[in-house]
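# heads up, no residue letters with this:
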């Protein structure tokens, strides 16, 4: 996935369709993003560069169990691409 603003928006939309809220905030992050426990809120370090933001969301998406019924066909394809990329690494 190319590191563009459009790619970031596509990944955000997958999370939002799955019921997650995406927030950009400052903080002492060890990584570029975190998932708040027992909630569907993803917090991303707003000071990270675009590539780090994309990689952080992709890492979260590859770990989360997302119900495909909540997503449209394009979002399912993006999710599969993210998970396949993770497997290849």
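Thanks, I have the structure now. Keep in mind that what you see is a predicted model, and the values were worked out from it rather than measured.
# just the helices in the protein please.
Ranges of helices in the chain, per DSSP state H, are 5-17, 50-63, 73-88.
# excluding chain neighbours, give the residue nearest to residue 11 in space.
residue 57 (4.4 Å; C-beta to C-beta, 6 or more residues apart in numbering). Just so you know, the C-beta spots here come from the backbone N, C-alpha and C atoms, and that holds for glycine as well.
# neighbours around the one you found, how many?
Using other C-beta atoms under 10 Å, residue 57 has 24 neighbouring residues.
# on that earlier part again, which one of the helices of the chain is the most hemmed in?
Mean neighbour counts were compared across those using mean count of other C-beta atoms under 10 Å; the top stretch is helix 50-63, at a mean of 18.
# returning to what we had before: looks like the residue nearest to residue 11 contacts residue 35 (just checking).
No. The pair residue 57 / residue 35 is not scored as a contact, 10.6 Å apart, by C-beta atoms under 8 Å.
# what residue lies at the spatial centre of the protein?
By C-alpha atoms, centre = their mean, the chain has its centre lying nearest to residue 57, at 2.5 Å.
# check contacts around it.
8, 11-12, 15, 22, 33, 42, 44 (C-beta atoms under 8 Å, 6 or more residues apart in numbering).
# relative to residue 73, which of those is nearest.
residue 11 (16.1 Å; C-beta to C-beta).
# what sits against the closest one?
Here residue 11 is in contact with 1, 54, 57-58, 61, 78, 82 (C-beta under 8 Å, 6+ apart).
# for residue 3, phi and psi?
Per-residue torsions, residue 3: phi -80, psi 80 (degrees, to the nearest 10).
# so it sits against residue 56, correct?
No. Look at residue 3 against residue 56 with C-beta under 8 Å: they stay out of range, at 11.9 Å.
# so what pLDDT did the residue in the chain sticking out farthest from the centre get?
What lies farthest from the middle of the chain is residue 28; by C-alpha atoms, centre = their mean that is 19.0 Å. pLDDT for residue 28: 74.
# just the contacts of residue 11: which has the poorest pLDDT?
Among those, residue 1 carries the lowest pLDDT, at 75.
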